[in-house]
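# fold the stuff below for me.
(chains A and B)
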2 protein chains.
Amino acid sequence: MRRSGVHLQKWMSQRAGHSNGLGYQVGICSFHTSCKRQKVLTMDTMNPFVKNMEYAVRGPIVIRAGEIEAELNKGISKDFKDVIRANIGDCHATGQKPLTFLRQVVALCTDPDHLMKSPYYPDDAKDRARRILDSCGGHSIGAYSDSAGVRVIREDIARYIEERDGHPSNPDDIFLCTGASDGIKTIMKMLMTGRDGAERAGVMIPIPQYPLYTATIAEYNAYPISYYLDEDNAWSLHASELRRALNEARKHCLPRALVIINPGNPTGQVLSRPNIEEIIKFAKEENLFLLADEVYQHNIYAEGSAFHSFKKVMMEMGPEYREMELASFMSTSKGYMGECGFRGGYCEVINLEPAVKAMQVKSISAKLCSSVSGQTAMDVVVNPPRPGEPSYDLFMKEKNEVLGQLKQKAELVAETFNSVERMSCNPVQGAMYAFPQIYLPEAAVETAKKKGIGADAMYCFELLESTGICVVPGSGFGQKPGTYHFRTTILPPVDKLKEMMERFKKFHVGFMQKYK
Amino acid sequence: MRRSGVHLQKWMSQRAGHSNGLGYQVGICSFHTSCKRQKVLTMDTMNPFVKNMEYAVRGPIVIRAGEIEAELNKGISKDFKDVIRANIGDCHATGQKPLTFLRQVVALCTDPDHLMKSPYYPDDAKDRARRILDSCGGHSIGAYSDSAGVRVIREDIARYIEERDGHPSNPDDIFLCTGASDGIKTIMKMLMTGRDGAERAGVMIPIPQYPLYTATIAEYNAYPISYYLDEDNAWSLHASELRRALNEARKHCLPRALVIINPGNPTGQVLSRPNIEEIIKFAKEENLFLLADEVYQHNIYAEGSAFHSFKKVMMEMGPEYREMELASFMSTSKGYMGECGFRGGYCEVINLEPAVKAMQVKSISAKLCSSVSGQTAMDVVVNPPRPGEPSYDLFMKEKNEVLGQLKQKAELVAETFNSVERMSCNPVQGAMYAFPQIYLPEAAVETAKKKGIGADAMYCFELLESTGICVVPGSGFGQKPGTYHFRTTILPPVDKLKEMMERFKKFHVGFMQKYK
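Take a look at the predicted model:
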């Protein structure tokens, strides 16, 4: 390498040994052509922020689950006959059937030349497909859409939001995205300062949180401002805790944004309206950009719980709140449809400074657009069959069946966890997860420490090896120090879930015996 | 705002006026509650790297094209009856029909309960759909796939690469992505240093280039190392120019990667094998990670031109080259299928350090997966009907028709541009674009300067206003200072393209008269 110069000194000084300036790797050198080739990308030279990322939902325990499945397939005998993947909110993978109408509309858009003529497909499905195709370039979902998404789909989303909230929504404030994750990253990216250390953007996130947030914060070199949800009060959220977290973080970052996940992931709570008002007041006082992750807005199970969108509450708190910057995220992956693989989602972002909005439009334009079949799936969610349309009855039947079963499963899971010793679980008011606390015996904590792994991770690995049940340790979501949890979905079919709960109880009792 | 403290000083010192520490906006302040609310995100406080991004393919000229379309729809009279969008490689939007077989497989995967029973759909389409569904969670494309993509699709991609190159390919080296863009960003992200100034990662890119590269480099705060393609020699690429560019850039960055677009976008050249060998040698000498954008690998038109993958050439240059790090990108959006809206794509990345590869897998896992319908579309491209299968003849007919017309259009466009005065155009050997040079009269350059816009942009805006033809100024791709170009696609149907060329010629002659 011909490179030399003082500008490399800081970079190189952080590395020991022989370096070519691009990076250092133990025992290998490319300075002398006789040496073995040096990799360009090593752990020392790769993007340190990517290295810092964590995403537990697909972490080592899930990899081990895959290995166990392979072992079972090879005929290796175990105490269980299958792996139950309760680690990820993947509805169809755990047996949920797709909505007939949704798949019909997407199929019609995919092969319209043939299927538009098919008498099997109902007229309301054909009408929706035709309307979407008429809004696509060349009447094809194979054309790029506008970067923000197909125009009529954005109009349908705006109408859906208006009907939901009773307040106007502007299609120009909406962009479709590759699942909600992509939308969240788009908005978070705008909020970054592009600076280091104490000048980094601070983003307030709940603990426990969905790990996309910590992963994105790590990737963008931002600072996570962790606020704790109140486990003793059904994972509710208090402004006093938000303020504590913010004040402690001020020396580390420039606080910019507040993330709320409602209904909660992994915690399953549904925020009350007064709780939401308190949060909005706080965000206004502290001049924070609100990110409302509302992908579980259709997943409300508990008596007395209701979904209140942050936008609706903000609009109704008075004129001084109506100009606050707010982004709300929605997805095709959750709710009653569970269409994760289509990667459909949208973001409504309101009150952006016009020049900033132009930057946001530009920033998504380099991605060209999100999948148009995913956009089509999103359209069905916001524009479902209406009463009187041919598909209405079947659609409502399928929707209510999924939601009814989820409600039943939410209760079953929380009840089971509360029925065993040394464990407690808040009610699963909404979303698709329970996040029970395990009161681990000191001996278990000590054993884990000796093994060099977290005690919750040890519990989950033992659960997996003994029962085939795959859940995610609480540490992947964050938890108060000294407490131990795991996240499980409530998604397996009722019978399977009952079996899973039986396997679980047996394991749990045994585990507590073992470490007594 | 309660925030105060020295750590804000540097941040604030860059801003004038009254600030709350989160940012400054002229005339508005939130320090005093009586003032109008301060936006969290302003042009001063937003991510500066997002602000720096440019993406000309969907820039201001395209917005104006949309306005003109709206004016025509309102009945406003113009010298032309429609807008011809030659700004973006959007095949279906410009009239290309989808491949029957591809859409059949995707439709079968979308509504298998009904369509698998349909006698209309051929067995080879059903077989492929069934095989993909069997590899999906719950046999549904609504389930998340592995982060890297559906296993059998990755196997099919590996087989396709093996057949193409005659060298082994490992499915574990392949990940599916949301169009090639997403894959390119995934790899570029890994290569960033996470540092500022002269410690930024340097990425070598061709000039002219596809603006995704400069946009991504800006977003990641990397340094673009521009090397010029040789317009006088059919946009070929010389190692001497690569070396010049690299040496000049050393004081500004840490060079890490070399991007090659072959066939070229926007330049339409197809690199010869000796040319590729020269590039690979250079990358080895300089220890650069190779990014080969090969999305146009099926789009080769010129006699004597052939596609050589970087991987194949590298493998055949001898053992010392076989361990080089290389990522190659492919897409469903181009080729003969032109399925942009499905956002299908893949990346094969070889010779990654195992620990780095684990990081790469982790980094894509937070995105969950790319659209499974897009993955399905990708599968058809790498696993098309084989001779003897029921869909083979129709598939080949449709494929050859598209490629045959593209060849004809490639010739027509270059010929037309070379037939008018003050203009020259290299042969369109491949890809979907021509990038002609316009020799603008001094008077035009002066007029543009007075108007405060680039002379190429002025030319393109006048072209749009006079003829409805929407092309992208060369400045959006980069060009040698003092030269002026534009990029046009060759995609409109033959008759439309002929009409477009006529409109163009008339405009060009008039423009040259006007500024004579």
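# what about the nearest residue to residue A:147 once chain neighbours are set aside, neighbour count?
In space, and not counting its chain neighbours, residue A:147 is closest to residue A:365: 4.2 Å by CB to CB, 6 or more residues apart in numbering or on different chains. In short, each C-beta sits where N, CA and C put it, glycine included. Residues near residue A:365, counting by other CB atoms under 10 Å in any protein chain shown, number 22.
# also residue A:512?
18.
# need the pLDDT of the residue nearest to residue A:147.
Predicted confidence (pLDDT) for residue A:365: 85.
# how much space between it and residue A:245?
35 Å (CB to CB, to the nearest Å).
# just to revisit the earlier point, thought the residue nearest to residue A:147 was touching residue B:54?
No: using CB atoms under 8 Å, residue A:365 makes no contact with residue B:54, being 9.9 Å away.
# spell out which residues of the stretch 401-516 of chain A are next to chain B.
By CB under 8 Å from any CB of the partner chain, no part of the stretch 401-516 of chain A sits against chain B.
# just the helices in the stretch 401-516 of chain A please.
A:442-451, A:455-467, A:494-514 (DSSP state H, counting those that start in this stretch).
# buried deepest among these, which one?
For the helices of the stretch 401-516 of chain A, the largest average neighbour count (mean count of other CB atoms under 10 Å in any protein chain shown) is found in helix A:455-467, namely a mean of 21.
# now that one: mean pLDDT?
For helix A:455-467, the per-residue pLDDT values average out at 96.
# helices of the stretch 151-300 of chain A, residue ranges please.
So, for the stretch 151-300 of chain A - with DSSP H, counting those that start in this stretch - the helices run A:151-165, A:179-191, A:212-219, A:239-249, A:273-285.
# interface residues of the stretch 151-300 of chain A facing chain B?
A:178-179, A:181-182, A:189-196, A:198-199, A:211-212, A:215-216, A:219, A:221, A:247, A:250-251, A:254-257, A:284, A:286-289.
# mind running it again at 6 Å?
Residues of the stretch 151-300 of chain A lying close to chain B (CB under 6 Å from any CB of the partner chain) are A:178, A:189-190, A:192, A:194, A:198-199, A:212, A:215, A:250, A:287, A:289.
# nearest residue to residue A:480 other than its sequence neighbours?
Nearest to residue A:480 is residue A:228, by CB to CB, 6+ apart, at 6.3 Å.
# burial measure for residue A:288, as a count.
27.
# which strand residues bridge the residue nearest to it when sequence neighbours are not counted?
Spatial nearest neighbour of residue A:288, excluding adjacent residues (CB to CB, 6+ apart): residue A:258 at 4.4 Å. Beta-bridge pairing of residue A:258 under DSSP bridges involves residue A:204, residue A:290.
# check contacts around residue A:258.
A:204, A:283, A:288, A:290 (CB atoms under 6 Å, 6 or more residues apart in numbering or on different chains).
# can you put the residues you listed in a markdown table and add pLDDT?
Below are the contacts of residue A:258 laid out as a markdown table (pLDDT from 0 to 100):
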| residue | pLDDT |
| --- | --- |
| A:204 | 97 |
| A:283 | 96 |
| A:288 | 96 |
| A:290 | 97 |
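# in a strand, residue A:81, correct?
No: counting by DSSP: H, G, I helix; E, B strand; the rest coil, residue A:81 is not part of a strand but coil.
# quick check: phi and psi on it?
phi -100, psi -10 (degrees, to the nearest 10).
# show the pLDDT at residue A:63.
With respect to pLDDT, residue A:63 has a value of 86.
# residue A:291 now?
On the pLDDT scale, residue A:291 gets 97.
# I'd like to know how far the closest residue to it other than its chain neighbours sits from chain B.
Counting by CB to CB, 6+ apart, residue A:291 lies nearest to residue A:259, which is 4.6 Å off, once chain neighbours are set aside. Per CB to the nearest CB, to the nearest Å, residue A:259 is found 13 Å from chain B.
# neighbours of residue A:259, just the number please.
For residue A:259, using other CB under 10 Å, the count is 27.
# which residues touch it?
A:205, A:213, A:291.
# turn the residues you listed into a markdown table, columns for neighbour count and distance to residue A:141.
Putting these into a markdown table (neighbours: other CB atoms under 10 Å in any protein chain shown; distance: CB to CB, whole Å) gives the following:
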| residue | neighbour count | distance to residue A:141 |
| --- | --- | --- |
| A:205 | 26 | 35 |
| A:213 | 24 | 31 |
| A:291 | 28 | 30 |
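# many thanks, have a good one.
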